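**Q** Attaching a predicted model along with its sequence, questions to come.
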Amino acid sequence: MCGIVGYIGKQKALPILLDGIKNLEYRGYDSAGFAVVASDGAVVSEKAVGRVANLEAKAGDAEALLGTTGIVHSRWATHGGVTEANAHPHSDCKGNIWLVHNGIVENYRELKKELEDAGHHFQSETDTEVIAHLIEEEKSKNQKLSTEETVRLALQKIRGTYGLAIVSRDEPEKLIAARNFSPLLLGIGANEYIVASDASAVLRYTRDVIYLDDGEMAVLTPEGHRIFDLENHAIEKKRDTIEWELEHAQKGGYPHFMLKEIMEEPEAIENSLRGRLIAEEGMAKLGGLESVEAELRGMRRLLIAACGTAYFAGKVGEYMLEEYAGIPVEVDIASEFRYRKPVFEEGDALLAISQSGETADTLAAMKEAKQKGLLTLGIVNVVGSSIARATDAGVYQHIGPEIGVASTKAFTSQVAILALWTLLLGRARDMSYVMGKRIAEELRQIPDLVRVILQNTDALEALAKKYQPYENFLFLGRKYNYPVALEGALKLKEISYVHAEGYSAGEMKHGPIAMIDKSFPSIVIAPKDSVYEKMISNIQEIRARKGSVIAIATEGDEEIAKMVDDVVYIPKTLEMLTPMLSVIPLQLFAYYFGVLRGHDVDKPRNLAKSVTVE
């Protein structure tokens, strides 16, 4: 969840480090710090609580350093509070080893006690500092060992996850990187390397990258690199090329990434569908699944594992696949998947959904299924990510980087791709040509229908102003729009920090209705679909208890306007595709609500974009 950047080459390191970490600040922004090996061999380090701008301001004269090797980090706190002492980089007792870390050392307590008994002194509350002292301890046993050897031996004692960038005062011409379950890549330039936890940090300098895999280390110098595992076996890795531009990760004139990414949703859906939808035949073609076509035809049950917004997309997919493809589907919160000891059967497959492709819980669920012999599939956005490389087959979203911490365009893209899966699997089973053609034609229209909704942003901003004083909201939906209600509540919580609950409307009378009064508004998703009459009954129940109602309704439904306080209209489409439309007003409402309350909607407190720790 933290941002990591390291540089070694011929240029001044610090400006490159600070530029890179600013592009990764969405991954963590509690505190930040850097360490640069200066031209005289000393290591200069600065730390600051808060945003990277605070660190940049403290850099001061350090920016004049001529050092060409360094590391930098932006933190999302796990072990220890948000203080300068707990900010990275951390060093050993003598200040020889400096490192930045993304992940969790699960056995750090026992390691720390052993190290303290051996005479080591700790300066922070973090688990990370243990790694620096472990490396120092290995060096004390044999002064002839190289830095990479001491790192390799130290890492053999660690249980947990890590993405590491390490520099040494003793060997300033080296930058060491190591990965286990936490993303790390090597950007390759002309006589220079950039280590980063995300591609955004390297794109200004190079598009050529190598992705490290679990259990791998790299030693980098301006002259070249060497990659090996913890048993010191050499590993040959192929280079990949990043296809998207740095400009895709810029705001493009919008005040926030979140608004920019909401406005990009029509194009994001188009990109997810491009070349995959064969509307005239009522078919879908997913090249990433062709290698497992036979297994998909024999699949008896699909298990979906995901977290947060991706989990809600999976829930929409559950309704689609069961209703139109006739496939039993179970959707799990990935963090629970491994621990409930799921029962697998012959013909099961697991689908992991993750925008970043690095979500730790989802990756763990996928690995558990793979170990049990299941076919593993993925829907991810980031090319070369851990899930993308570990699954047997999968589909990329192709929506460009999503920088806003609260996911928006990734959700609608994931739902669009799940609609393609429904077409693909349904037509291979019992779905008729007529039904397939209808779904495909309606799906092709979705981007333009989203554009229609996005022309109504002023009305959503006005609605947010009207309801800004309220501190509690209930979101209600049924069938396909039940997951949308959950997602709408999540967005409002993430961005505005108010209390919001998402519920299946049919469950309202089984408890949540007790909360309803004039100070507790409800947002009810009630398009003209198969459960419309049921939703109208729920609205009447709320109104009978003096609760305010905002309705998301189908264009032309004038009757519903008479029953509610406010209504937002969306175009008509097939019931199964409605979530891609009904979620847009909820995203915009949350965005404007958070902005009006003065929050940084791109970087909500306590959150990070890519959750790479359990």
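**A** Great, that's in hand.
**Q** Need the nearest residue in space to residue 403, chain neighbours excluded.
**A** Closest residue to residue 403 apart from its sequence neighbours, by Cβ to Cβ, 6 or more residues apart in numbering: residue 257 at 4.3 Å. C-beta here means a position set from N, CA and C on the backbone, and glycine is covered the same way.
**Q** Contacts only, for that neighbour.
**A** When contacts are counted by Cβ atoms under 8 Å, 6 or more residues apart in numbering, residue 257 touches 26, 251, 403-404, 602.
**Q** let's go with 10 Å and repeat that
**A** By Cβ atoms under 10 Å, 6 or more residues apart in numbering, the contact list for residue 257 reads 26, 249-251, 264, 401-406, 408, 601-603.
**Q** Kindly report the same for residue 488.
**A** By Cβ under 10 Å, 6+ apart, the contact set of residue 488 is 312, 473, 475-477, 481, 500, 502, 523, 525, 552, 582-583, 585-587, 589-590.
**Q** now with 6 Å?
**A** Counting by Cβ atoms under 6 Å, 6 or more residues apart in numbering, residue 488 touches 475, 586.
**Q** on that earlier part again, which of the contacts of residue 257 has the weakest pLDDT?
**A** Among the contacts of residue 257, residue 249 has the lowest pLDDT, at 58.
**Q** Tally up the residues packed near residue 123, please.
**A** A total of 12 residues lie near residue 123 under the criterion other Cβ atoms under 10 Å.
**Q** In three-state terms, label it for me.
**A** coil (DSSP: H, G, I helix; E, B strand; the rest coil).
**Q** Could you find the closest non-adjacent residue to it?
**A** With Cβ to Cβ, 6+ apart, the residue lying closest to residue 123 is residue 85, at 5.9 Å.
**Q** And what about the one you found, helix, strand or coil?
**A** Assigned by three-state DSSP, the conformation of residue 85 is coil.
**Q** Over to residue 542?
**A** Strictly by three-state DSSP, residue 542 counts as helix.
**Q** how close does it sit to residue 267?
**A** Distance from residue 542 to residue 267, counting by Cβ to Cβ, to the nearest Å: 37 Å.
**Q** What of residue 148?
**A** From residue 148 across to residue 267, the span is 45 Å (Cβ to Cβ).
**Q** do residue 544 as well
**A** Residue 544 sits 43 Å away from residue 267, going by Cβ to Cβ.
**Q** the more surrounded of the two?
**A** More crowded of residue 544 and residue 267, by other Cβ under 10 Å: residue 267, with 15 against 10.
**Q** how about the nearest residue to that one, chain neighbours excluded?
**A** residue 447 (7.3 Å).
**Q** And for the one you found, the neighbour number?
**A** So residue 447, with other Cβ under 10 Å, has 20 neighbours.
**Q** Kindly confirm my reading that it is in a helix.
**A** Yes: the assignment for residue 447, made by three-state DSSP, places it in a helix.
**Q** Pretty sure it sits against residue 266.
**A** Yes: Residue 447 is within contact range of residue 266, at 4.0 Å (criterion: Cβ atoms under 6 Å).
**Q** List the contacts of the residue nearest to residue 267.
**A** Each residue near residue 447 by Cβ under 6 Å, 6+ apart is listed here: 266, 269-270.
**Q** can you check residue 321 too?
**A** Counting by Cβ under 6 Å, 6+ apart, residue 321 has contacts 327, 329, 422.
**Q** pretty sure the first one belongs to a strand, no?
**A** So the one you mean is residue 327. No: assessed with three-state DSSP, residue 327 is coil; it does not lie in a strand.
**Q** if you skip the residues just before and after it, what's nearest to it?
**A** Nearest in space to residue 327, with sequence neighbours left out and distances taken as Cβ to Cβ, 6+ apart, is residue 321 at 4.9 Å.
**Q** Return the distance of residue 211 relative to residue 368.
**A** Separation of residue 211 from residue 368 (Cβ to Cβ): 22 Å.
**Q** Quick check: the gap between the residue nearest to residue 403 and residue 307.
**A** Where residue 307 is concerned, residue 257 sits at a distance of 20 Å (Cβ to Cβ).
**Q** where do the helices sit along the stretch 1-150 of the chain?
**A** 13-23, 52-59, 108-117, 129-141, 147-155 (DSSP state H, counting those that start in this stretch).
**Q** I'd like those as JSON lines, with distance to residue 595 appended.
**A** Listed next are the helices of the stretch 1-150 of the chain as JSON lines, based on distance: least, Cβ to Cβ, whole Å:
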{"stretch": "helix 13-23", "distance to residue 595": "22"}
{"stretch": "helix 52-59", "distance to residue 595": "20"}
{"stretch": "helix 108-117", "distance to residue 595": "40"}
{"stretch": "helix 129-141", "distance to residue 595": "38"}
{"stretch": "helix 147-155", "distance to residue 595": "44"}
